[in-house]
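Following is a predicted model, sequence given first.
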Amino acid sequence: MSKIIAVTSGKGGTGKSTVCAGLGYTLAKQGHRTLLIELDFGLRCLDIMFGVEDNIKYDLGDVLSGRKSALDAVAQVPMATNLNLLCAPKTLTSVSAEQIVEICRSVKKYFEYIIIDTGAGINSHVFDIVEQANLILVVSTPDPVCIRDASLMSDEFYNRGNKSQRLIINKISKKVIGDALVANLDEIIDKVGVQLIGVIPDDFKMTVATGKGTPIPTDSSALKAFDAISKRLGGEFVPLTVKTS
């Protein structure tokens, strides 16, 4: 059975799509058949991050309209053999939680992991879709606004009965930990109220790779963090180490 993971955040700018890309890439490199489903309608970016912008023939809009089946609209990512992508449409399109559930149902026997890149923001649309996931990954940065929004979103998940949540803290650097924004990582964890699963350092190598659609360098500190998180998702014990620049 596929494990469906929803990656979400309270506001834009947290690097949610980069987190999806990093997790999908490392899971695939570990040998897991992985599908990324992108729901940022009108704002898609994963095709650029993986260097397949010119190779996308169909997207989620074609599936929702009935022109293509979900499996026919999936594109394989050359830089990671086991990684596949179902892009969001370039235009705004309405979608229901039931439709996403049906899409996942139709393809789950082909993939070990299905990662849903939700739209950012606190609204019922996101909550209805995320409720269908086996695990919710809440992404926040050290920014106080992001922390508060992540807390509000997580609280709503708990109110709806979604207990399977984990926190990813993104864009960590020495410049923001200490006197700048927050005293330490524990302050972020306590304010959001969700168990930590990983910390992603602010890494220029990762930024360049996803911006140019090239493979992430093996010496990327962010890549190493994503690799560790991916192993934790599979139940492997990997100690949490935080290296900031």
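Noted; the coordinates are in hand. Since we're looking at a predicted model, the values are computed, not measured. Numbers count the residues shown, from 1 in each chain.

Beyond the longest helix seen in the chain, next helix or strand please.
Counting residues, the longest helix found in the chain (DSSP state H) is helix 144-159. The first helix or strand that comes after helix 144-159 along the chain, using DSSP states H and E, is strand 165-172.

what's that next one in contact with?
With Cβ atoms under 8 Å, 6 or more residues apart in numbering as the test, strand 165-172 has contacts from 7, 14-15, 18-19, 135-142, 150, 154, 157-158, 185, 188-189, 192, 194-202, 229, 242, 244. C-beta here means a position set from N, CA and C on the backbone, and glycine is covered the same way.

Buried only: go through the residues you listed for me.
Burial by neighbour count, judged by 16 or more other Cβ atoms under 10 Å, picks out 7, 14-15, 18-19, 135-142, 150, 154, 157, 185, 188-189, 192, 194, 197-202, 229 from these.

Thr26 and Phe226 touch, don't they?
Yes - between Thr26 and Phe226 there is a contact under Cβ atoms under 8 Å: 4.6 Å.

Number of residues surrounding Ile172?
Ile172 is flanked by 25 other residues according to other Cβ atoms under 10 Å.

Tell me the bridge partners for it.
Note on Ile172: beta-bridge partners Pro201, judged by DSSP bridges.

do the same with the one 10 residues further on
Using DSSP bridges, the bridge partners assigned to Val182 are Ile177.

ok, it to Asp155 distance?
Distance, Val182 to Asp155, by Cβ to Cβ, to the nearest Å: 19 Å.

can you check Ile188 too?
15 Å.

and what of Ile48?
In terms of Cβ to Cβ, Ile48 sits 33 Å off from Asp155.

related to what we said a few turns ago, Val182 and Asp155: which is more packed in?
It is Val182, of Val182 and Asp155, that has more neighbours when counted by other Cβ under 10 Å, with 19 against 13.

how about the more buried one, what does it touch?
Val182 makes contact with 142, 144, 147, 176, 188, according to Cβ under 8 Å, 6+ apart.
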